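Participant: coordinates only, sequence not included:
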């Protein structure tokens with residue numbers, strides 16, 4: 001349960017979402033440090049000790065809190081990263097959580113290996129389905145078991161369904177929010193469409209505004225594990241200065257939540273950009289260097305971002321970027337679903 005964060009700072013932790021054959025996950029009911037905050041249901045996990053990897057911490061916490069010790073290869077992931085502020089009364093300002101998935105038959109946790117602080121704080125345990133979590137009035141912790149269960153369940157929106165696009169930064173702060181429409185899917189992934197002139201965009205510190213260009217977006221197909229997925233969200237635009245804009249980001253999560261389909265991703269600064277004519281380039285190198293230092297990107301994230309940007313740049317130069325050969329088809333699909341405004 002110990003960790004290398006200082007009180008009042010960011011608590012780095014590793015979580016394990018135990019998923020049984022019915023799609024339910026084991027949650028533990030924790031008291032918040034005895035300071036009057038309501039108890040919350042959490043996935044198994046805790047702080048990362050100095051010198052531990054995320055996977056090592058996840059396995060240790062699983063053993064301490066449940067008595068289970070699977071082979072390290074049985075943990076799928078990391079599958080997602082979440083940083084969220086803590087509730088009032090918590091000793092840390094925010095939790096920085098890296099989640100893994102362990103598929104297992106349902107079991108009763110063995111509490112004999114828990115540290116004194118864990119024994120004092122854990123009040124109950126229960127296996128929860130996604131539907132039960134969504135319907136419950138109980139408080140759940142911000143590591144968001146519901147989002148991970150939605151990833152495990154998979155699926156994709158039907159043509160014409162609305163998708164809320166939500167980008168954040170590595171420190172958890174909101175970035176861009178807007179709505180898109182599902183166009184369909186192919187071997188490369190799921191395609192969304194955005195009619196800029198009728199779409200309102202939000203960003204902290206910027207007044208909401210309508211866009212300019214129409215675009216189609218490719219959400220690449222991904223396995224459950226982040227490390228095996230494509231770290232990019234690909235935008236093909238018409239009617240503006242740019243033809244191609246690729247956000248280098250954590251693998252976009254397209255999941256059905258209680259409020260509808262949501263596309264979540266963490267923007268990692270670097271972008272691969274190409275005009276209709278001209279040489280493509282990697283943008284925002286200075287922002288990447290600044291945020292990697294200030295937001296403490298792990299070394300494996302920095303390495304993945306750089307390798308992804310270089311590979312996407314090579315594809316853009318060779319005219320083999322993701323969606324290069326399919327984009328016109330999906331632009332026509334967008335035109336059919338959302339006809340351009342007169343004069344556009």
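Facilitator: Great, that's in hand. Keep in mind it's a predicted model, so treat the numbers as computed, not measured. Numbers count the residues shown, from 1 in each chain.
Participant: where do the helices sit along the stretch 1-150 of the chain?
Facilitator: Remark: helices assigned in the stretch 1-150 of the chain by DSSP state H, counting those that start in this stretch are 54-66, 116-121, 130-135, 145-153.
Participant: now those helices in a markdown table, with mean neighbour count and distance to residue 170?
Facilitator: For every residue, glycine as well, the C-beta is placed using N, CA and C. Shown next, in a markdown table, are the helices of the stretch 1-150 of the chain (neighbours: other CB atoms under 10 Å; distance: least, CB to CB, whole Å):
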| stretch | mean neighbour count | distance to residue 170 |
| --- | --- | --- |
| helix 54-66 | 21 | 15 |
| helix 116-121 | 14 | 28 |
| helix 130-135 | 15 | 26 |
| helix 145-153 | 20 | 17 |
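Participant: for this structure, what's the longest helix?
Facilitator: With secondary structure taken from DSSP state H, the chain has its longest helix at helix 299-317.
Participant: what's next to it, contact-wise?
Facilitator: 170, 227, 230-232, 244, 246, 248, 268-270, 272, 274, 279-282, 288, 292, 297, 321-322, 324 (CB atoms under 8 Å, 6 or more residues apart in numbering).
Participant: which of these are buried?
Facilitator: 170, 230-232, 244, 246, 248, 268-270, 272, 274, 280, 282, 288, 292, 297, 321-322, 324 (16 or more other CB atoms under 10 Å).
Participant: among the residues you listed, which are in helices?
Facilitator: Those of these lying in helices (DSSP H): 288, 292.
Participant: now go through the buried ones among the contacts of helix 299-317 and say which are in strands.
Facilitator: Judged by DSSP state E, strands contain the following of the buried ones among the contacts of helix 299-317: 232, 244, 246, 248, 268-270, 272, 274, 282.
Participant: what is the nearest of the residues you listed to residue 153?
Facilitator: residue 232 (23.1 Å; CB to CB).
Participant: doesn't residue 249 make contact with the closest one?
Facilitator: Yes: using CB atoms under 8 Å, residue 232 is in contact with residue 249, at 6.6 Å.
Participant: any buried residues in the longest helix of the chain, and which?
Facilitator: In helix 299-317, counting by 16+ other CB under 10 Å, buried: 301, 304-306, 308-309, 312-313, 315-316.
Participant: in the stretch 1-150 of the chain, which ranges drop under the pLDDT threshold?
Facilitator: For the stretch 1-150 of the chain, residues meeting the criterion pLDDT under 70 lie at 1-8, 32-36, 87, 89, 142-143.
Participant: let me know the pLDDT of the nearest residue to residue 243 once chain neighbours are set aside.
Facilitator: Residue nearest to residue 243 in three dimensions, not counting chain neighbours: residue 276, with 4.6 Å by CB to CB, 6 or more residues apart in numbering. At residue 276, the model reports a pLDDT of 93.
Participant: now residue 227
Facilitator: So residue 227 comes in at 89 (pLDDT).
Participant: how about it, secondary structure?
Facilitator: helix (DSSP: H, G, I helix; E, B strand; the rest coil).
Participant: residues contacting the closest residue to it other than its chain neighbours?
Facilitator: Leaving aside its sequence neighbours, residue 227 sits nearest to residue 78 (CB to CB, 6+ apart; 6.9 Å). Applying CB under 8 Å, 6+ apart, one finds that residue 78 lies in contact with 54-55, 98-100, 225-227.
Participant: now do residue 285 against residue 176, distance only.
Facilitator: 20 Å (CB to CB, to the nearest Å).
Participant: the more surrounded of those two?
Facilitator: Neighbours were counted for residue 285 and for residue 176 using other CB atoms under 10 Å; residue 176 has more, 16 against 13.
Participant: and that one, helix, strand or coil?
Facilitator: strand.
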